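**Q** Structure for this input, please:
(chains A, B and C)
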Amino acid sequence: MGTCRGVIKRIAPDAEVIDITHGIPPQDVLQGALVLANTLPYMPTGVHVAIVDPGVGSERKPVALRGADGRLFVGPDNGLLLVAAERLGGVTEAVEIADAAYMLEPVSHTFHGRDIFSPVAAHLAGGVDLGKLGPALDPAGLERLEVPQPSIGETRIRATVLYIDRFGNVQLNVRADQLAQVGIEPGARVEVEAGFERYFASAARTFADARIGDIVLYEDAYANIALAINRGDAARMFSVRVGDELRLTSA
Amino acid sequence: MGTCRGVIKRIAPDAEVIDITHGIPPQDVLQGALVLANTLPYMPTGVHVAIVDPGVGSERKPVALRGADGRLFVGPDNGLLLVAAERLGGVTEAVEIADAAYMLEPVSHTFHGRDIFSPVAAHLAGGVDLGKLGPALDPAGLERLEVPQPSIGETRIRATVLYIDRFGNVQLNVRADQLAQVGIEPGARVEVEAGFERYFASAARTFADARIGDIVLYEDAYANIALAINRGDAARMFSVRVGDELRLTSA
Amino acid sequence: MGTCRGVIKRIAPDAEVIDITHGIPPQDVLQGALVLANTLPYMPTGVHVAIVDPGVGSERKPVALRGADGRLFVGPDNGLLLVAAERLGGVTEAVEIADAAYMLEPVSHTFHGRDIFSPVAAHLAGGVDLGKLGPALDPAGLERLEVPQPSIGETRIRATVLYIDRFGNVQLNVRADQLAQVGIEPGARVEVEAGFERYFASAARTFADARIGDIVLYEDAYANIALAINRGDAARMFSVRVGDELRLTSA
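**A** So this is what the prediction gives:
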């Protein structure tokens, strides 16, 4: 709902607000972090607010960060912001948001997006200095997420599903150079194991190389390897969900 | 779809349009009214258009209202606007929208959002006076919704589900002071009856007081008491829907 | 996700971006084309980007078109843009988008919305001339969709479902004057056959003419005949989907 946008516009009427997505599954901090990291390079430099916040109301700190490339980040200190910030050069300054003058009072126990993060972002967009929000934090002490890494063997990769898009395409935590390490190059035939099921896919440069209904492994628009069914729904066919493991073997 | 936004922008190119939500269930006027009342205090003062309009094409009037705090409201005369307008100080002026000069012609029988409410809102945003839209109405004669009230006994409250959010949290038509009347204070143990099922919940100040999987009653960000499962989906677990009754007893 | 909006704003910070919809079913080019044609007359004149692009990465061309009324269109050459452009007066100039200077490089194989169409639209909004994007194309050679036409007999129309809205109303490829040809006028009783099922509906001017639960045929807000259940979900009751055939007979 547009409540956060309304809060921002009351404080900073001239700020332009761009929504990245409202589609992160509830409480999925890792997926929020990965979507933020994937999309932020395409966004104008600005104040970036992200809220996936299962710890709202607990001791987790609200934070604001300055990135090496001049972007500002606002959100909970639960790792959500750091994947993006580090891909864009790292964090040069961090503060705990503490000064109530930049919040909506009374601050609710459950909706810091409205009462803390949006008003703080609006004040930053309006020119308030990061240092005014509260005490400095050591960037090295910020909470970090563990982003799952693939396990790469001689001829096989164990991959984890990072994301499933609205077409049912299954994004994996694998890059093209890692596929090449196990001998899977465009054109190769690949055995895909999901649970106890086993399928054969083609490593393809594009969907256009595949016929309708073909199972393909391809490099997606964020340089991740993804599994798809040309004009079909791979996630449904393979019954896979975010966090599941797939095994890819050169066949 | 952005049709209404397009209509507004053609008439008032400089108007800024903020969406509150497109997620009200079809025909649910009460839920639309409650969401509007909850979110409007966070929105900039402006022209507020709301459309949940099962009576479109019938005799129900299209209306425009001036609120005591200077906000303008545009929508069907079915009670949708009044819950918000009254919480914000009441209606000081009301008109029936009648002058076709402020509509898109021909007016369809089924999409007054596009053909009446959006163009009227755009004209109001552009400076047209409310009184020009049509004949004055007595605010006391506007249609009203009956907002369900809790039934408060000695030790038990019968509550109605007003809203279920995307996390599955169940908002009730009960405030914290009403819970206190039956002896339920933060920290208390509460018996929750939903249909023939019975559960025990804790009255909590925040989710942070609860362990994962705990059933909690808490005051939500709109000062309503809500029932939740910490990091779970309470609406699914209790199989409750908007309009259902729950009974809360101090245990 | 707002990636395309971000891309546009980086190139043309002052451009105003209006979303028409993000709700077209994956790969459904015809539905995208019809929604674009229905809604564009209500949108300000501008640069209109549309992306439903099952052939991304294949030989299908990215194109930009100038419409007779001054609108510009950007998207894949798969028929998506032409239904709208032709209803608005036709195409007066067409080019293949070829100059990489107006794209984001490297261009991915799967997300031309981000890498080609959005940046091109932003450059056009910023004043770049259509002719600079690439070689001219003959508008007559652009790909066309076949929009299904009704089959009109003496007393019966075979209609195709074009669209189902969020209320479950079923939009047909039939206009009121075509219904009149088979003797179905407002007030008439109509036999509706869907698969092996048969129902009776009333031809109504508005929902207000019908009681709750009545099956009605009415002229929708885009001048198409639609089948609805007053305050119900006709698509679910009739188990129909886009592309299905219905037979309407004066009864």
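
**Q** Count the neighbours of A:Thr21 for me.
**A** Other residues near A:Thr21 come to 13 when the count uses other C-beta atoms under 10 Å in any protein chain shown. Glycine gets a C-beta too; all of them are placed from N, C-alpha and C.

**Q** for A:Val7, same thing?
**A** 23.

**Q** Pull up the per-residue confidence for it.
**A** Note for A:Val7: predicted pLDDT of 98.

**Q** A:Gly213 too?
**A** 85.

**Q** my read: it touches A:Gly232, true?
**A** Yes. Counting by C-beta atoms under 8 Å, A:Gly232 is a contact partner of A:Gly213 at 6.2 Å.

**Q** Name the residue in the two with the higher neighbour count.
**A** Neighbour totals were compared for A:Gly213 and A:Gly232, and A:Gly232 leads with 18 against 9 (other C-beta under 10 Å).

**Q** Quickly note the distance from the more buried one to C:Gly113.
**A** Noted for A:Gly232: a distance of 20 Å to C:Gly113, by C-beta to C-beta, to the nearest Å.

**Q** likewise A:Val74?
**A** Going from A:Val74 to C:Gly113 by C-beta to C-beta gives 28 Å.

**Q** Looking at these two, which one has more neighbours?
**A** Higher neighbour count among A:Val74 and C:Gly113: A:Val74, with 28 against 23, using other C-beta under 10 Å.

**Q** Show me how far the strand or helix carrying that one is from its chain's centre.
**A** A:Val74 belongs to strand A:72-76 when assigned by DSSP states H and E. How far strand A:72-76 lies from its chain's middle: 14 Å, per C-alpha atoms, centre = their mean, to the nearest Å.

**Q** elements contacting that strand?
**A** strand A:47-49, strand A:62-67, helix A:118-125 (3 or more C-beta pairs under 8 Å, 6 or more residues apart in numbering or on different chains; DSSP states H and E).

**Q** any chance of those in TSV, plus mean pLDDT and distance to A:Asp19?
**A** Formatted as TSV, the helices and strands packed on strand A:72-76 follow (pLDDT from 0 to 100; distance: least, C-beta to C-beta, whole Å):
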stretch	mean pLDDT	distance to A:Asp19
strand A:47-49	98	10
strand A:62-67	98	20
helix A:118-125	98	12
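
**Q** quick one, which of these is nearest to C:Ile51?
**A** Closest to C:Ile51 of the helices and strands packed on strand A:72-76 is strand A:47-49 (C-beta to C-beta; 24.7 Å).

**Q** And chain C, is that closest one touching that?
**A** No. Under the criterion of C-beta under 8 Å from any C-beta of the partner chain, chain C is not reached by strand A:47-49; the shortest gap measures 10.6 Å.

**Q** That strand and chain B, are they touching?
**A** No. For strand A:47-49, no contact with chain B is found by C-beta under 8 Å from any C-beta; the gap never falls below 15.1 Å.

**Q** Packing partners of that strand?
**A** Counting contacts by 3+ C-beta pairs under 8 Å, 6+ apart, strand A:47-49 packs against strand A:72-76, helix A:118-125.

**Q** Turn these into CSV, columns for distance to C:Gly2.
**A** Shown next, in CSV, are these (distance: least, C-beta to C-beta, whole Å):
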stretch, distance to C:Gly2
strand A:72-76, 16
helix A:118-125, 16
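
**Q** So for C:Ala15, which of the ones you listed sits nearest?
**A** Nearest to C:Ala15, of all the helices and strands packed on strand A:47-49, is helix A:118-125, at 19.1 Å by C-beta to C-beta.

**Q** ok, back up a step: export the helices and strands packed on strand A:72-76 to TSV and tack on mean neighbour count?
**A** Putting these into TSV (neighbours: other C-beta atoms under 10 Å in any protein chain shown) gives the following:
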stretch	mean neighbour count
strand A:47-49	23
strand A:62-67	24
helix A:118-125	25
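
**Q** right, and those - which one's nearest C:Ala188?
**A** The closest of these to C:Ala188 is helix A:118-125. By C-beta to C-beta, the value is 54.3 Å.

**Q** Show me what the following helix or strand past the closest one is packed up against.
**A** Counting by DSSP H and E, the element after helix A:118-125 in chain order, helix or strand, is strand A:136-137. Strand A:136-137 sits against strand A:91-96, with contacts defined as 3+ C-beta pairs under 8 Å, 6+ apart.

**Q** Quick check: buried residues in the strand it packs on?
**A** For strand A:91-96, burial by neighbour count (16 or more other C-beta atoms under 10 Å in any protein chain shown) applies to A:91, A:94-95.

**Q** same deal with stretch A:123-140?
**A** By 16+ other C-beta under 10 Å, the buried positions in stretch A:123-140 come out as A:123-125, A:128, A:130, A:133-134, A:137, A:139.

**Q** List the contacts of that stretch.
**A** Stretch A:123-140 is contacted from outside by A:8, A:11-12, A:15, A:46-47, A:61, A:63-66, A:72, A:74, A:90-99, A:102, A:120, using C-beta atoms under 8 Å, 6 or more residues apart in numbering or on different chains.

**Q** same thing with stretch A:200-207?
**A** Residues from elsewhere that reach stretch A:200-207 (C-beta under 8 Å, 6+ apart): A:179, A:184-192, A:209-210, A:214-219, A:227-228, A:230, A:251, C:56-58, C:109-110.

**Q** which residue sits closest to A:Val170 in space, ignoring its chain neighbours?
**A** In space, A:Val170 comes closest to A:Leu227 once its chain neighbours are excluded; the distance is 4.3 Å by C-beta to C-beta, 6 or more residues apart in numbering or on different chains.

**Q** which strands and helices sit next to whatever helix or strand that neighbour lives in?
**A** Using DSSP H and E, A:Leu227 falls within strand A:225-229. Secondary-structure packing of strand A:225-229 (3+ C-beta pairs under 8 Å, 6+ apart): strand A:170-172, helix A:176-181, strand A:215-219, helix A:234-238.

**Q** how about TSV for the ones you listed, with mean neighbour count added?
**A** Shown next, in TSV, are the helices and strands packed on strand A:225-229 (neighbours: other C-beta under 10 Å):
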stretch	mean neighbour count
strand A:170-172	26
helix A:176-181	16
strand A:215-219	22
helix A:234-238	19
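
**Q** Give me the secondary structure label for A:Arg211.
**A** Following DSSP: H, G, I helix; E, B strand; the rest coil, A:Arg211 is assigned to coil.

**Q** quick one: the residue nearest to A:Val170 and A:Tyr199 touch, right?
**A** No. A:Leu227 is not in contact with A:Tyr199 according to C-beta under 8 Å; the separation is 9.1 Å.

**Q** Can you pick out the residue with more neighbours from these two?
**A** In this comparison of A:Leu227 against A:Tyr199, neighbours counted by other C-beta under 10 Å, the higher total goes to A:Leu227 at 30 against 16.

**Q** so what's that one bridging to?
**A** Taking DSSP bridges as the rule, A:Leu227 bridges to A:Val170, A:Leu217.

**Q** tell me which parts of chain A are close to chain B?
**A** Within chain A, the positions near chain B by C-beta under 8 Å from any C-beta are A:1-3, A:5-7, A:9-10, A:13, A:26-27, A:54-59, A:104, A:108-111, A:114-115.
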